[in-house]
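*Asks:* coords please:
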Amino acid sequence: MAQSLLVQLSTRVGQAFEKLDLDPALGKIVRAQRKEMGQFQCNGALAAAKQAKKNPREIAEAVVAELEKDGSFQDLTTGGPGFINMNLTDASLTAHFNELADDPSFGAKDGVTPETVILDYGGPNVAKAMHVGHLRATIIGESLRRLNVFLGHKTISDVHFGDWGLPMGLLIKEIELSNPELPYFDPAFEGPYPDTSPVTVDELQVLYPQASSRSKEDPEFLEAARLATFELQQGRVGYKALWQHMLDISIAETKVDFDLLGAHFTEWKGEADTNDHIPAMLKRYADEGYSEISDGATVVRVEEDDDKKEMPPLILQKSDGAVMYGTTDLATIELREEEHHPDKILYVVDARQSLHFEQVFRAARKGKSLRDTVHLEHVGFGTVNGKDGKPLKTRDGGVVRLRSLIDDAISEARKVVNEAGMAEKFGAEELENIATKVGVAAIKYADLSNQRMSNYVFDLERFTKFEGRTGPYQMYAAVRIKSMLRKAEEQSLSQGPVQLVADAERNLILALAGLPEAAKGAAEKNAPNILCDHVYALTQEFNSFYHDCHVLGEKDPAVRASRLTLCAITLRQIEAVLHILGIDVPERM
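*Replies:* Numbers count the residues shown, from 1 in each chain. Model prediction:
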């Protein structure tokens, strides 16, 4: 397994500090911000000066004297008050490149302790079409899932369907109003119930808003819906059968959206899966003194002495016996602990839910619902805004459906690829495949390249351009390399050992060497934008290499073979990072 180049160099430079009786941690290496100063830089002499009470420049020069014995460095200079600038020898760079080429993770797994990570994202609801609010949860969650898989963690992804609250009671009673003869509403009916749903998914999209509006105007209807919700949760057979129909057709519908976005879930569980567990959990919380009765409701007080703002208690059960979202979330934590023994549970949900998750996490800790060592984190994110800077809405002010958003992106991509003349080169099926991949890449990269807590403006015209910081730009760099490698194969040109003759080649290897820090940083901060920055920098360096160095047209066979190898490994890394970001690269464009 390859080791990060920065880790290797920091160890070597740290040893030089240690020989001077200084802390080896002072040898930390970073990439030089200005290429003319060198490839790498160490600023440890400045901190060492305080410890040793010496001039930092004097310490830097002593460290350089030690490093000159190493043989890995071509240029070692000191600058400013005590900066150490360094360049590696071509032999060292080539040796590291060979390590990267042999490692599927390019050194990213080195030093990573495998863990069991559960990711909760997506969050669709029964009877509600997925909308723009689900876009970021799905795209960010899926990217983090793929990143954790890439780093070698056992990764479990759960869609966590919203399927068990008052909306279910509202739908049951709304369907009964228009179809009272259905057997689901007859308590005496002994079955069997129909195999097919009495309502379609499109009808559910209409029925739920109707029921919601009716409940606000008709107190008796609302009370009937609450009773239906309670009876459903208590196991009333007819209601459960109707609920199962609604769940099945809703899952089938959402899977279409998830498939378009390349989202993969190992578990399709929902709030309802906690129903049998909740009574025992409520009893344990009461018996062990973690919960109490307040105004008829069962609550867990989660405030702490050092809170800077009010922290309301988590309500587990209302006075009428109904359970809350917090109850099912708490029960879900207990079930995940029992079934998977996770090291980490990440909830990729809108930042506006931060108070809810803080309450649930505190209650879980207080009530010993999971081991103290399990890391719980709400991975929040900002909103997707229109060009007016406000949350994205339809022209009539409604919520934008996720499917229409994806369709719009593909439609815009279809226009862009046609304008690029691709229609003349490819058949209809391949052209549509390219347009789909470009459209999805456009919205994914645009989303993930932003710091996740930031809001961003949804601008399809800008996202689908084949230039700048866009998904299509990164894809095109990979396709260009694929085309070059195909032509090399057609001409029977082979790859060979890397030999460095140009700075563009050296810079490309250094860019490739940056993946371990990018991947680990993205995982530690749950920040896919770090990987977006890395792949953009890599494609930029490749384009500079492509501009400065002949590949297929190189006359020297050894240099040509070397550059083909550089191209092949660069392609492999670009595709690996784009895969983590959920972007599929077509063979041709």
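*Asks:* show the backbone phi and psi for the residue nearest to residue 341 when sequence neighbours are not counted.
*Replies:* Nearest in space to residue 341, with sequence neighbours left out and distances taken as Cβ to Cβ, 6 or more residues apart in numbering, is residue 116 at 6.5 Å. C-beta coordinates here come from the backbone N, C-alpha and C atoms, glycine included. Here is the backbone geometry of residue 116 (degrees, to the nearest 10): phi -100, psi 120.
*Asks:* quick check: bridge partners of residue 314?
*Replies:* residue 300 (DSSP bridges).
*Asks:* can you get me the start-to-end distance on stretch 274-282?
*Replies:* Its start and end residues considered, stretch 274-282 measures 12 Å (Cα to Cα, to the nearest Å).
*Asks:* quick one: that stretch to chain centroid distance?
*Replies:* Distance, stretch centre to chain centre, for stretch 274-282: 31 Å (Cα atoms, centre = their mean, to the nearest Å).
*Asks:* what are the buried residues along it?
*Replies:* Residues 274-275, 277-278, 281-282 are the ones in stretch 274-282 that count as buried (16 or more other Cβ atoms under 10 Å).
*Asks:* isn't residue 456 right up against residue 382?
*Replies:* Yes - taking Cβ atoms under 8 Å as the definition, residue 456 is a contact partner of residue 382 at 7.1 Å.
*Asks:* find residues that contact each of those two.
*Replies:* Common contacts of residue 456 and residue 382, defined by Cβ atoms under 8 Å, 6 or more residues apart in numbering, comprise residue 450.
*Asks:* show me the contact partners of the helix or strand bottoming out on mean pLDDT in the chain.
*Replies:* When the helices and strands of the chain are scored by mean pLDDT, DSSP states H and E, helix 44-52 comes last with a mean of 88. Residues outside helix 44-52 that contact it (Cβ under 8 Å, 6+ apart) are 13, 17, 20-23, 25-28, 54-57, 59-60, 63, 78, 81-84.
*Asks:* before we move on, what about stretch 260-276?
*Replies:* Taking Cβ under 8 Å, 6+ apart as the rule, stretch 260-276 contacts 122, 138-139, 141-142, 145, 155-165, 233, 243, 247, 251, 258, 325, 327-328, 331-332, 335, 403, 406, 440, 444, 582, 584.
*Asks:* these in strands, which ones?
*Replies:* Using DSSP state E, the subset of these located in strands is 155-158.
*Asks:* now the helices for the stretch 201-350 of the chain?
*Replies:* Ranges of helices within the stretch 201-350 of the chain are 201-217, 219-233, 237-260, 278-287, 325-340, based on DSSP state H, counting those that start in this stretch.
*Asks:* hey, which of the ones you listed is tucked in deepest?
*Replies:* Burial of the helices of the stretch 201-350 of the chain is given as mean neighbour count (mean count of other Cβ atoms under 10 Å); helix 325-340 ranks first at a mean of 20.
*Asks:* mind giving me the packing neighbours of it?
*Replies:* Judged by 3 or more Cβ pairs under 8 Å, 6 or more residues apart in numbering; DSSP states H and E, helix 325-340 is in contact with strand 116-120, helix 278-287, strand 314-317, helix 354-366.
*Asks:* that one vs strand 154-158, what angle?
*Replies:* Using axes from the mean of the first three to the mean of the last three Cα atoms, to 10 degrees, the direction of helix 325-340 lies 150 degrees away from that of strand 154-158.
*Asks:* I'd like the numbering to begin with 3 instead of 1 from here.
*Replies:* I'll keep to 3 as the first residue from here, and by that count the last item is helix 327-342.
*Asks:* can you give me the angle helix 327-342 makes with strand 118-122?
*Replies:* Using the same axes, to 10 degrees: helix 327-342 against strand 118-122 is 150 degrees.
*Asks:* average pLDDT across helix 327-342?
*Replies:* On average, the pLDDT along helix 327-342 is 97.
*Asks:* what does it contact?
*Replies:* 118, 120, 122, 158, 160, 162, 166-167, 271, 273, 275-276, 279-280, 283-284, 316-319, 344, 347, 358-359, 361-362, 365-366, 369, 371-373, 376, 378.
*Asks:* pull out the buried members of those.
*Replies:* Using 16+ other Cβ under 10 Å, the buried ones in the contacts of helix 327-342 are 118, 120, 122, 158, 160, 162, 166-167, 271, 273, 275-276, 279-280, 283-284, 316-319, 344, 347, 358-359, 361-362, 365-366, 369, 371-372, 376, 378.
*Asks:* buried residues, stretch 577-586. List them.
*Replies:* Across stretch 577-586, burial judged by 16+ other Cβ under 10 Å covers 577-585.
*Asks:* how about those residues in JSON lines, adding distance to residue 97 and pLDDT?
*Replies:* Putting the buried residues of stretch 577-586 into JSON lines (distance: Cβ to Cβ, whole Å; pLDDT from 0 to 100) gives the following:
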{"residue": "577", "distance to residue 97": "24", "pLDDT": "98"}
{"residue": "578", "distance to residue 97": "21", "pLDDT": "98"}
{"residue": "579", "distance to residue 97": "23", "pLDDT": "98"}
{"residue": "580", "distance to residue 97": "27", "pLDDT": "98"}
{"residue": "581", "distance to residue 97": "27", "pLDDT": "98"}
{"residue": "582", "distance to residue 97": "27", "pLDDT": "98"}
{"residue": "583", "distance to residue 97": "30", "pLDDT": "98"}
{"residue": "584", "distance to residue 97": "33", "pLDDT": "97"}
{"residue": "585", "distance to residue 97": "31", "pLDDT": "97"}
